[in-house]
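Engineer: Everything below, folded, please.
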Amino acid sequence: MDKIKELTLPLTDEQIKDLKAGDRVLLTGVLYTARDAAHKRLVELINGNKELPIDLNGSTIYYVGPTPTKKGEVIGSCGPTSSYRMDEYTEPLLKKGLKIMIGKGPRSNKLKELLKEYNALYLSSIGGAAASISSAVKKYELVCYEDLGAEAIYKLEVKDFYAIVTYDTNGGDLFLEGISKYKK
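Structural biologist: From the prediction side, this is the model:
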């Protein structure tokens, strides 16, 4: 099995190009949380030529709605949500510099083409391991859209956040590779 790659966010374009579907990574640095409603608001701002509440250039968005924080912990459980719901909002965010999306489940073929066009990645985090994932979060703060509750945009500082490259910039698709191996 290949070694886990330890990476510091934000990644350079060269680091992004070097990652391939199936690579396991440990991410350290800053990422933002956002789900459907927050994505919709961001795209509305972009379409209205208004300033965004976060700098998307080189950024990472994790598709998650953390649960309430328990006493003595940094964050509650924070497992990934199904990512396909964000597909319709993704291109405007990529145009603004978004480089990495983290979630679970397959995405559209159009999304895979956009990753090639914008030199970006889609990573999968492990669903069902929400409590374990929360141990990688070292700092958690509200950025905007407080009215959305758990679906607001939060800034997370993470250390050794485990994920797997699912779609890379060359069209690599871990889901298709897995299906192919199974059918043999």
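Engineer: What ranges does this protein have for its strands?
Structural biologist: 5-8, 24-33, 60-62, 100-103, 121-124, 137-144, 153-167 (DSSP state E).
Engineer: for the record, mean pLDDT for the last one?
Structural biologist: Meaning strand 153-167. Throughout strand 153-167, pLDDT has a mean value of 96.
Engineer: just how off-centre is that strand within its chain?
Structural biologist: The chain centroid and the centroid of strand 153-167 are separated by 6 Å, computed with CA atoms, centre = their mean, to the nearest Å.
Engineer: Now do the buried residues in it.
Structural biologist: Judged by neighbour count using 16 or more other CB atoms under 10 Å, the buried positions of strand 153-167 are 153, 154, 156, 157, 158, 161, 162, 163, 164, 165, 166, 167. To be clear about C-beta, it is placed using only N, CA and C from the backbone, and glycine gets the same treatment.
Engineer: In a markdown table, list the strands of the chain along with distance to residue 39.
Structural biologist: What follows is the strands of the chain, written out as a markdown table (distance: least, CB to CB, whole Å):
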| stretch | distance to residue 39 |
| --- | --- |
| strand 5-8 | 24 |
| strand 24-33 | 11 |
| strand 60-62 | 8 |
| strand 100-103 | 10 |
| strand 121-124 | 14 |
| strand 137-144 | 13 |
| strand 153-167 | 10 |
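Engineer: where are the low-confidence patches of the chain?
Structural biologist: Scanning the chain for pLDDT under 70 picks out the ranges 1, 127-131, 179-184.
Engineer: For residue 46, which non-adjacent residue is closest in space?
Structural biologist: Setting aside the residues directly before and after it, residue 46 is nearest to residue 92 in space (CB to CB, 6 or more residues apart in numbering), at 4.6 Å.
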